[in-house]
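> Sharing a sequence plus its predicted fold:
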Amino acid sequence: MSHTICQADQKGVSFWQFNLRTRTLIATGGALLILAVIAAAGVLLDPSAYAPQFQQKNLAPSLVHPFGTDWMGRDMFMRTVKGLSTSLWIGLLAATVSSVIAVMMGVAAATMGRRVDSLILWLVDLMQGIPHLILLMLISFVLGKGMLGVWLGVALTHWPMLARVIRAEVLAVKNSQYVLAARKLGSSRWKIAVRHIFPHVVPQYIVGLILLFPHAILHEASITFLGFGLLPREPAVGIILSESMRYLTVGMWWLTVLPGASLLIMVLLLDMIGENLRKLMNPASAEN
């Protein structure tokens, strides 16, 4: 009997000794769950939760108000959750549009001849030669700032790097032996694209889409902080940080530190998800 218990204990120990792939899946799932909760909470949050309450203004962090309250008595935790959710949705929309542009440009550069390739590479170099923040501010200003200006500005400026990756991947697959053999056997271009090229591009696209998120969110917060992004009436982390900077000198550190740290943690979670997906899609790096 003691021998049986010992075997059971050994089985229990080995069950919890996950390999690297399993640990990566668990970490990725946990991060996705946290981000999904933030995104949903911001949408479902009642505006009264972060409305002014002047009788509770300038309160330090506590159990009732984890992030304290500001000079108007607004609950900073609720404002931060709403701002993070807004950033996530803007990042999702902008990164999706930007990644679609990247795929179209990358595939066109790799398949439509040297002139088109040279033109797209020149455009990529041009976009990468202009600082993102300056270009973002110009686009947002032209479009009247607000939600539309921010997400469209982010979408139009974040595709060049992914386009280079997609172009290189398509070129590598297009010139591989099995694609050349399929072409000699009479397979159509559409059949080659669907069966041989598309499956190799999808993993790069998914990882690139996820890795665009942190950049999109940080740039949205940056231009909002500088006054070229979301409007002041819209709860956003950039607006929270911009408004709170003047209160640092009077000791109200929680107005800036806690929302800023929350934004940083969310960006790190997104970056971790992208890196974990890259490991999972590369079997050599996912092995224990």
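That came through fine.
> so what's the residue most central in space within the chain up against?
In the chain, the C-alpha closest to the average C-alpha coordinate belongs to Phe213, at a distance of 1.5 Å (CA atoms, centre = their mean). Neighbour list for Phe213: Gly91, Leu92, Ala95, Leu270, Gly274 [criterion: CB atoms under 8 Å, 6 or more residues apart in numbering]. The way it works is simple: take the backbone N, C-alpha and C, and place the C-beta from them, glycine included.
> pLDDT and neighbour count for these - can I get that in JSON lines?
Output for those, formatted as JSON lines (pLDDT from 0 to 100; neighbours: other CB atoms under 10 Å):
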{"residue": "Gly91", "pLDDT": "87", "neighbour count": "26"}
{"residue": "Leu92", "pLDDT": "88", "neighbour count": "18"}
{"residue": "Ala95", "pLDDT": "88", "neighbour count": "27"}
{"residue": "Leu270", "pLDDT": "89", "neighbour count": "25"}
{"residue": "Gly274", "pLDDT": "84", "neighbour count": "20"}
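> Please narrow these to those residing in helices.
Mapping those onto helices (DSSP state H) picks out Gly91, Leu92, Ala95, Leu270, Gly274.
> Okay, the first one and Tyr50: tell me how far apart.
What it means is Gly91. Summarising the geometry, the distance separating Gly91 from Tyr50, computed by CB to CB, to the nearest Å, is 21 Å.
> His65 belongs to a strand, doesn't it?
No. In this structure, His65 is coil, not part of a strand, as judged by DSSP: H, G, I helix; E, B strand; the rest coil.
> For it, grab the count of nearby residues.
19 (other CB atoms under 10 Å).
> And Pro160, how far from Met112?
18 Å.
> So for Thr22, what's the pLDDT?
The predicted local distance difference test score for Thr22 is 80.
> for this structure, what spans make up the helices?
Along the chain, the segments classed as helices by DSSP H run 2-16, 20-44, 76-111, 114-129, 132-142, 146-157, 160-174, 177-184, 189-192, 198-225, 237-244, 254-281, 283-286.
> Compute the inter-axis angle for the fourth one and helix 146-157.
By that I understand helix 114-129. Interaxial angle of helix 114-129 relative to helix 146-157 (axes from the mean of the first three to the mean of the last three CA atoms, to 10 degrees): 130 degrees.
> How about the longest one?
What separates the directions of helix 76-111 and helix 146-157 is an angle of 30 degrees, with the same axes, to 10 degrees.
> try the second one
Between the axes of helix 20-44 and helix 146-157, defined by the same axes, to 10 degrees, the angle is 150 degrees.
> now helix 20-44, how far from the centre of its chain.
When distances are taken as CA atoms, centre = their mean, to the nearest Å, helix 20-44 is centred 13 Å away from the chain's centroid.
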